[in-house]
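# structural data only, the sequence is not supplied:
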């Protein structure tokens, strides 16, 4: 039986919870950037909280009264509450949040929303749960992410097994369509480097992100294809190694 998409994503990230923090260096860098300049007050919600680093940082701010940590993967939430016992953890999909309407003063999300099957549903939920003048700050990988890996795969086969990412413009349009106001937005490239393609792919698996590589396509990692991918990636090698690229949209706004 084929597992539903969101359940499959939850399982992959749940399996990766124990190794996530050690491997997710770009994700941690993005979370730190997301926090820059935030003066959180009242009730905060971290959507796709993972192991809880970002939510824990918010909980330490003096004017924050409560932090809700929401994730689709239970093992991630278990890790989050072990590290930060004050968090109120919620296992749920970002597109259907069991959170009271108008109850959130600040909503943040880092490296989670690219997994949504319906960004419109999330934008609707974002508007619903925010209080009037409630703020949001989102860090989302957008088009351009995995650019080198995708280009290398296109040399191996016609339809590369890499999921597509929405553009930054599409994200902004979605939020505006749901009556949210945007204050700032910028796209920043983040890189991690690996000595070999095998190490790059192993790192993806260790953080649960191999769903991006459409693993349900059987036979994609055959020896011949892997060797072809290694050859196709070599032109992108830098002194630091083979690049894994994330183009991250950091977008800030509020509910009027």
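Okay, I see it. Bear in mind that the values here come from a model prediction, so they are computed numbers and not experimental data. Numbers count the residues shown, from 1 in each chain.

# residue 82: neighbour count?
Neighbourhood size, residue 82 [other CB atoms under 10 Å]: 11. All C-beta atoms are positioned from the backbone trio N, CA, C, and that covers glycine.

# also the one 4 residues further on?
Other residues lying near residue 86 total 13 when counted by other CB under 10 Å.

# pretty sure it belongs to a strand, no?
No - using DSSP: H, G, I helix; E, B strand; the rest coil, the assignment for residue 86 is coil, not a strand.

# gap between it and residue 120?
According to CB to CB, to the nearest Å, residue 86 stands 33 Å off from residue 120.

# mind checking how far the residue nearest the centre of the chain is from residue 165?
Geometric centre of the chain, nearest residue: residue 111, 1.9 Å, by CA atoms, centre = their mean. Plainly put, residue 111 is 12 Å away from residue 165 if you go by CB to CB.

# returning to that earlier point: so the residue nearest to the centre of the chain makes contact with residue 48?
Yes - the pair residue 111 and residue 48 qualifies as a contact (CB atoms under 8 Å) at a distance of 7.1 Å.

# what's the weakest-modelled helix or strand in the chain?
helix 5-16 (a mean of 43; mean pLDDT, DSSP states H and E).

# ok so, going back, the residue lying closest to the residue nearest to the centre of the chain once chain neighbours are set aside: neighbour count?
Residue nearest to residue 111 in three dimensions, not counting chain neighbours: residue 27, with 4.6 Å by CB to CB, 6 or more residues apart in numbering. Neighbours of residue 27 under the rule other CB under 10 Å: 25.

# quick check: the gap between residue 27 and residue 202.
Residue 27 is 16 Å from residue 202, by CB to CB.

# intersection of neighbour lists for residue 111 and residue 165?
Listed contacts common to residue 111 and residue 165 are residue 141; contacts here mean CB atoms under 8 Å, 6 or more residues apart in numbering.

# pretty sure the residue nearest to residue 111 contacts residue 109?
No - Residue 27 is beyond contact range of residue 109, at 11.7 Å (criterion: CB under 8 Å).

# and the helices in the stretch 101-250 of the chain?
For the stretch 101-250 of the chain, helices defined by DSSP state H, counting those that start in this stretch occupy the ranges 119-129, 147-156, 168-177, 197-206, 223-233.

# flag whichever of those helices has the least confidence on average.
Ranked by mean pLDDT, these bottom out at helix 197-206, with a mean of 81.

# how far is that helix from where the chain is centred?
A distance of 17 Å separates the centroid of the chain from that of helix 197-206, by CA atoms, centre = their mean, to the nearest Å.

# what of stretch 225-242?
25 Å.

# thank you kindly, that will do.
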